[in-house]
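>>> This is a predicted model, with the sequence first.
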Amino acid sequence: MTADVMDQATGAGKEPAAERIREMRERINEIDQAIIDLWLERASLSQEVGKTRMASGGTRLVLAREREIVERFRAALGPDGTQVALLLLRSGRGPL
Ligand SMILES: C=C(O[C@@H]1C=C(C(=O)O)C=C[C@H]1O)C(=O)O
C-alpha cells in the first residue's frame, strides 16, 4: 500500500496502521464470539430457571432479582447498561 492509498478493508492510510488494525480486529472477533456464546448460555440458563420455578408452583419471573441485575449493569456501564440488561433479560424470558 502506498502512503496516499487508503486500505479499503481497514480504512487505514498506511500499512503499519492497517496491520495493527487487522490484529486488533482479530481480538475483537474473539471477544464478540465469547459475548455471543455467553449470551446464549445465559438465556438457556434463565429459561431453565423459569421452567424449574414454574414446575414447583412458583412464578415465571422474580422482578426484584431483575431490578438487581438492571442496577448492576447500570452501575457498571451507565444508561447503556440499563438497555443491555433489559435485552439480556428479554432474551431469557421473552418480551413481557
Ligand atoms: C433466571 C431467573 O428467572 C427470571 C429471569 C432472570 C434473568 O434472566 O436473570 C431473573 C429473574 C427472573 O425474572 C432467576 O430468578 O434467577
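That came through fine. Keep in mind that what you see is a predicted model, and the values were worked out from it rather than measured.
>>> do the strand or helix carrying Ile28 and the ligand meet at all?
Applying DSSP states H and E as the criterion places Ile28 in helix 15-55. Yes: using C-beta under 6 Å from any ligand atom, helix 15-55 reaches the ligand at 46, 49-50. For the C-beta atoms, the positions are set from N, CA and C on the backbone; glycine is no exception.
>>> I'd like those residues written out as a markdown table, with distance to Arg60, neighbour count and pLDDT added.
Shown next, in a markdown table, are the residues of helix 15-55 next to the ligand (distance: C-beta to C-beta, whole Å; neighbours: other C-beta atoms under 10 Å; pLDDT from 0 to 100):
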| residue | distance to Arg60 | neighbour count | pLDDT |
| --- | --- | --- | --- |
| Ser46 | 11 | 16 | 96 |
| Val49 | 10 | 16 | 96 |
| Gly50 | 5 | 18 | 94 |
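>>> I'd like the next helix or strand past the helix holding Ile28.
Helix 15-55 is succeeded, C-terminally, by helix 63-77 (DSSP H and E).
>>> residues making contact with that following helix?
Residues external to helix 63-77 that are found in contact with it (C-beta atoms under 8 Å, 6 or more residues apart in numbering): 81-82, 84-86, 88-89.
>>> before we move on, what about stretch 20-40?
With C-beta under 8 Å, 6+ apart as the criterion, stretch 20-40 contacts 9-12, 88, 91.
>>> how about Ser56, phi and psi?
phi -90, psi 10 (degrees, to the nearest 10).
>>> so what's it up against?
Taking C-beta under 8 Å, 6+ apart as the test, Ser56 contacts no residue whatsoever.
>>> can you check the one 5 residues further on too?
Going by C-beta under 8 Å, 6+ apart, Leu61 touches 50, 93.
>>> how far away is it from Asp7?
Going from Leu61 to Asp7 by C-beta to C-beta, to the nearest Å gives 49 Å.
>>> Pick out the residue closest to the middle of the protein.
In the chain, the residue lying closest to the centroid (C-alpha atoms, centre = their mean) is Ile35, at 5.0 Å.
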